[in-house]
Structure formats: structure tokens, C-alpha cells
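J.: give me the fold of what follows.
(3 chains)
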Amino acid sequence: LQDPFAGIMKGVVLGICPEARIVDLAHEVPAYEIPDAAFLLHQSWPYFPKGTIHVVVVDPGVGSARRPILVEAAGHRFIGPDNGVFSMLAAPKVRHITAERYFRHPISRTFHGRDIFAPAAAHLAAGITPAKLGPLIHDHIRLTFHEPVRTGRRVWTGAVLHIDRFGNLITNLAAAEFPADAELSVGLETVHRRAATYAEIPYGELFLIAGSSGYLEVSANQTSAAKLLGVGTGAPVELRLL
Amino acid sequence: LQDPFAGIMKGVVLGICPEARIVDLAHEVPAYEIPDAAFLLHQSWPYFPKGTIHVVVVDPGVGSARRPILVEAAGHRFIGPDNGVFSMLAAPKVRHITAERYFRHPISRTFHGRDIFAPAAAHLAAGITPAKLGPLIHDHIRLTFHEPVRTGRRVWTGAVLHIDRFGNLITNLAAAEFPADAELSVGLETVHRRAATYAEIPYGELFLIAGSSGYLEVSANQTSAAKLLGVGTGAPVELRLL
Amino acid sequence: LQDPFAGIMKGVVLGICPEARIVDLAHEVPAYEIPDAAFLLHQSWPYFPKGTIHVVVVDPGVGSARRPILVEAAGHRFIGPDNGVFSMLAAPKVRHITAERYFRHPISRTFHGRDIFAPAAAHLAAGITPAKLGPLIHDHIRLTFHEPVRTGRRVWTGAVLHIDRFGNLITNLAAAEFPADAELSVGLETVHRRAATYAEIPYGELFLIAGSSGYLEVSANQTSAAKLLGVGTGAPVELRLL
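T.: Down below sits the predicted model:
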């Protein structure tokens, strides 16, 4: 946002495919946080129309041996670095992007977003077939994400996946799988209350809620649960069914 | 900006109405500040073309009994929560948005921006009539905004409506109504000087100016008046004609 | 981003030229930093298609005698204040924008972005010729930028032009002109290592790299070089060939 990197990529796209429609997803992913970027993408792409090309430039390995890849999954296309950022996509068909005739030259060693990802996405949007960008591969990087672990008859241990700007803690516990009465411990607190909406809870009180991304969230009405609890991404949580 | 919420809403809109043109207005409204959002909208919508659909998601009551509404005023359309955010619109025609066939399903209890407001706006943009979204209502919420009060023969008491990123204090005193010589007290200071442009004032000096939104502003050339004065939104001001 | 100024300008543009494609470049230029804005523009415009109209509103002199100008250079058009922000453009053809029939009225004294620059850009995009906006001038303001100075047989003194969000220091030393072995002093440190990619360097170590904008940068892998060094924009650097 203070740098013109995203704007420059859009300039490159529009030079190749003037009718492309471009939507910004997020620009404040902590610069080296691949798991956070993977979750953010997971939470977002299903709401876009089929055929959308999603470009990810969370790329600390830029210019090294890490490959640029194209992933096809569920009728969507994804372009970015082979660093695990697409690990949450099911049944992906992955190509190594090698067709340099679709790159911008000279290719910088530090900004493949501009010189490889944006032009490859724009050529795809303009109508070339995915196969033109490079060969299929099967050894792309998959990160393992924290999955909740059952640690007792009625106890699961999970983790905080993400903290949003309102300070809500998004856990990796699928809301639909834990619908019953439960309490959740996080940081030094245990949260007993479950709410259907933010507004039914008094100001500042902690509660559990089924978040819009489908996971249990720890929230505090009109204030930041993350600040109240003093915890961050990756913090462990324990859910006990009552 | 660090979360993908706005991008997700755009994905939903483009899935329904691919030719929609989408403009971001502001994403840093303090999360629960309905009056600030109302003022921001008031300051912005007249500069958009007639027929524009303005979507507002400053919505602490999401998922509760508060209604989603469509407001028609001055040839523009406005969609958002019935929480007062549209209170500054004159002669509004208000509908309760009830037509669930235009919603996204399942409807989250925490993100109506994605599941109700964005799809309703996209269907409107794609051509359905407002009446299709729901019935007219007359009991929508209207907030009362601070209006300046005359507290002496030549004295008015007002308030700071908003502080912009440059640190200018935007008051609720209409610039056109106080054109004469005046001094204004705010915080511990009294501002004596009135300027037509920022540049005519020495660095760091406080002055009054007719701001671009039509209200008197307290500014300091090339620095933040809000920081110099140590005041925030809602602070009282007193204007004395000389 | 917390204010609606950029969104309002887009509303004005789309009211005049509904088919305009609008790309945001950056909104966090320090408010009064004309040299930083000039560098940001210099780094960005070549990646946009020919015919692009670039609008700059870093404008502390708004409303004063400073002129609104249109600059044509290299097949691109640039609109903004005559305050030096376009100084890095080669062979510019400059016009004083005087044709008030293309402005928005009334013209605010504090927001020419909305009332002069955006409408002028939109009318250009809609097809009027540059000459319609005003006469050619030759006395526009040119800032002198720090150029590296040769201060010894194998020694150059330069400066930090910009610090990006990752904390990389972008110097004014063109990477192509200093390809040989070299060390660079900045702050209290001397950086000995030159890398081709970020990833080949251990975590936290300082190194030199040819940045994507064509200048030598001082970086630290996965952390902020600016924070490690405690230096800011304008800091002197000294390069010694070995």
C-alpha cells in the first residue's frame, strides 16, 4: 500500500489483457507468512466466479530455485510461487511455468510478481491454454497445516489460524463439527459462552461463534479478543465438550 | 486491508454482475463507529454518478434483529444495515431487504456484507427493480447528529465530526454560514487565523479553512492539527464572530 | 485509506468517462514528500500501457499559486501539481491546465485532486486532445535529485532514495553501473556481500542486491534492513569498488 508493487502488476496485466477485471484480495499479509497467505486464499477463492485467476505474491524465495507454478482446481486457476501457499487446494493440477515467451524481460531476480506471475496470468486471461505455460508436475510443495487433534474423549486441541482486523481469533476447529455445548481454553482464559451473533453479547465479553469462514472463532463484542487475551496466530486452543 | 473481506464481496458481485464497476471508498472506518461512517458517506456519495449503488458494511449488529435495508435518495441507491449509517441522506425511500432468493446461501450470521448486501447490490446493478428486494418501511433508524448550537449573540458551539489522515479536524460548522471574521476554540487553544489555502500559512501554525467537504476545518500547515491539539472526534469547539 | 479522497476522485472520473479503467498506485506516500512521490512514479509508470494517464495528488501547495499541469512523455500522460513531482520524466512536454470548463465547480481550494486533476484526466481519457486543457509552458519546476558523486578513484557517495515496506533500502546507485565486487557503507555498517536473490542469504544477514527498480538495494533476508541499520530515506551511502 505504501509501495507501488501491486499497482505495477496491474499495469503489466492491463498492457497484455486490457479487458481484465482485477480485484485486490489483501496486501497486508505478513511478508514471510506462507501459512497465513494459504489460509487467506482458502477463505476467499470460493466466492469468486469460476474461471477466476488468483495471483499470490507471498514469495520470500523469489529468484531462487523455487518454481513459479500454475494450479488448476475446482474450475479456478492459481498462479504464484511453489512454496506451499496453495497447499489447502484439493485435487490440484499443477504446472511448472516455464514458457519464457510469456514473461516480461529482463526478468528481475526480486520481483517475479511483475515479471512472471502477472504476465502469465494476463496471457491466461487473454485466452492461452494452461498447457502453453509449462508442463505438469507432481512434486510441488505441500505444507501440513495444524489439524485439530483429539486428546481426550471429549477434548480436542487445535490452534489459532488467523487473527482478523477486528481481533477475532479464527481457530482451525470446523464450526459444523463442534455444534454442541463446549468450552474453549486459549491463553489464560476459558470461554464458556457460544453466540450466534456479535450483538447478543455484552460489550467486551469473550464468546465463541461460528465465523463466516466456517471455523469457530473467539470474539469479544465491539473490542479485540486478541488484545484481551494477548495471544497471536499459532496459539494453541483446547476445546472441551460439556 | 489485511483481511480479504472487501475482496470477497467483490468476487460475489462479479459472479452475479460481471460488468459491474466497483470503487473502494474507505476501509479504515473504526469498526464500530456508525456516526463516522455516516459522515464519510455524506461527504462522498454526491461525487459519484447517478445510479451508483453504495454499499456500507459498518455493521456491529450483524446477524441480530437489525434489518438489511435499501435506501433510494437523490437518484442514488444505498445498501447496508439499518443502524443509522444512512441518517444524513435527505428524503430517503427505504426498503427492508427481505427477498432471500437474491441472497447467498447459507447466510452467515457474521458477514452479511458477503451474503446479503453484496448480492443484493449486484442484482440491482444487473437490473432488477428495487421493489423486488423488499417492501417499503418508514421506521428505519435515524441518528441525530451534533448540530451547532447558538450559545450567545455571536457564539456557536459545535463539534469535531471527523479527523482525516492529514490530521485536519473537520467540524460540523458549515463554512458558508460563518464567512466573517471569527475565532475558534478547540482543546486548549484558540485559532485566530483563517486561510484560503494551506500554503499561505507558515509551517506548523494552526488556522481555519473552508474544507473540501464544505465544513470549517482546523488545520496546521504540513503537520497534524489533531496531534498539536491533542483532540479527537467528538471534541467540542466554540466559534466566536469578531 | 481511512479517508474517502481516492474513492471520491474515482467517482468523479467515472461520472465523466464511465469506461475508464482505474488502477491505484500508492496511497501512503508521506503527505508532504514530493521527492518520494517522484521516485515512486519513476519506478512505476514504465510498466503501464502507452496512453495511460497517471494522476498524482501529493500536493502540499494546493490552492496556492502553484499550477496544475499536464505532462506528456514517452507516450504517457501525467496530471498533477507543478511542484517537482514529475522531475524524473525525460523530455517532458508540459502544459498549464487552465481550461476551467473541464473542471468541477465550485473549485475547492484544498482538493484539486477532485475538482481539477480527476476531471481533467477523465476528459483526456474520454478523448479530448491535450491542447484543449491549456498552453505549453517551459518554466515548470524541476527538482534536483541526489546523483551519486565520485569521491575517490574507486569510491562513490550516494544516498538512500526510498525504503520499501519490507525494509529494503533502495539507493540511487544504478545496479548496472556497479556490477563488480564492491562494499557499501551505510549507517554504522559496511555491507560486503552481494547476492542475486534474497533466499541465498542466511536469515537476518545484510547484503547488496540489484533491486527490481534497477538500483542497488541493501536488504536483509526475511527482516528489515532499515530497522537493523537504523537509517531512513536520504541517508548517505558510500560504495567502494574492491
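J.: what helices or strands is the helix or strand where residue A:238 lies leaning on?
T.: Residue A:238 is part of strand A:236-241, with elements assigned from DSSP states H and E. Applying 3 or more CB pairs under 8 Å, 6 or more residues apart in numbering or on different chains; DSSP states H and E, one finds that strand A:236-241 contacts strand A:155-163, strand A:169-174, strand A:182-186. (C-beta placed from N, C-alpha, C; glycine too.)
J.: would you mark the buried spots in it?
T.: A:237, A:238, A:239, A:240 (16 or more other CB atoms under 10 Å in any protein chain shown).
J.: tell me, what residue is most central in chain A?
T.: The centroid of chain A falls nearest to residue A:40 when counting by CA atoms, centre = their mean (2.3 Å).
J.: of all the helices and strands packed on strand A:236-241, which one comes closest to residue C:53?
T.: Minimum separation from residue C:53 across the helices and strands packed on strand A:236-241 (CB to CB) falls at strand A:155-163, 38.4 Å.
J.: what comes up buried for that closest one?
T.: Result for strand A:155-163 [16+ other CB under 10 Å]: buried residues A:156, A:157, A:158, A:159, A:160, A:161, A:162, A:163.
J.: could I get those as TSV with distance to chain C?
T.: As requested, the buried residues of strand A:155-163 are exported to TSV (distance: CB to the nearest CB, whole Å):
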residue	distance to chain C
A:156	33
A:157	29
A:158	27
A:159	22
A:160	22
A:161	21
A:162	20
A:163	20
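J.: okay, those residues in CSV with distance to residue A:181 next?
T.: Formatted as CSV, those follow (distance: CB to CB, whole Å):
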residue, distance to residue A:181
A:156, 14
A:157, 18
A:158, 17
A:159, 22
A:160, 22
A:161, 23
A:162, 25
A:163, 25
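J.: what's the closest of the residues you listed to residue B:5?
T.: Out of the buried residues of strand A:155-163, the member with the shortest distance to residue B:5 (by CB to CB) is residue A:162, at 12.3 Å.
J.: next one: residue A:92 relative to residue A:141, how far apart?
T.: Separation of residue A:92 from residue A:141 (CB to CB, to the nearest Å) stands at 12 Å.
J.: skip the chain neighbours and tell me the closest residue to residue A:71.
T.: Spatial nearest neighbour of residue A:71, excluding adjacent residues (CB to CB, 6 or more residues apart in numbering or on different chains): residue A:78 at 4.1 Å.
J.: the residue nearest to residue A:183 when sequence neighbours are not counted - how many residues pack around it?
T.: Nearest residue to residue A:183, sequence neighbours excluded (CB to CB, 6+ apart): residue A:192, at 4.9 Å. Neighbours of residue A:192 under the rule other CB atoms under 10 Å in any protein chain shown: 13.
J.: again, but for the one 4 residues further on
T.: Using other CB under 10 Å, residue A:196 has 13 other residues around it.
J.: in three-state terms, label the residue nearest to the centre of chain A for me.
T.: Judged by DSSP: H, G, I helix; E, B strand; the rest coil, the three-state class of residue A:40 is helix.
J.: ok, and the closest non-adjacent residue to residue A:104?
T.: residue A:115 (4.3 Å).
J.: go ahead and confirm the one you found touches residue A:109.
T.: No. Assessed by CB atoms under 8 Å, residue A:115 is found out of contact with residue A:109, at 9.3 Å.
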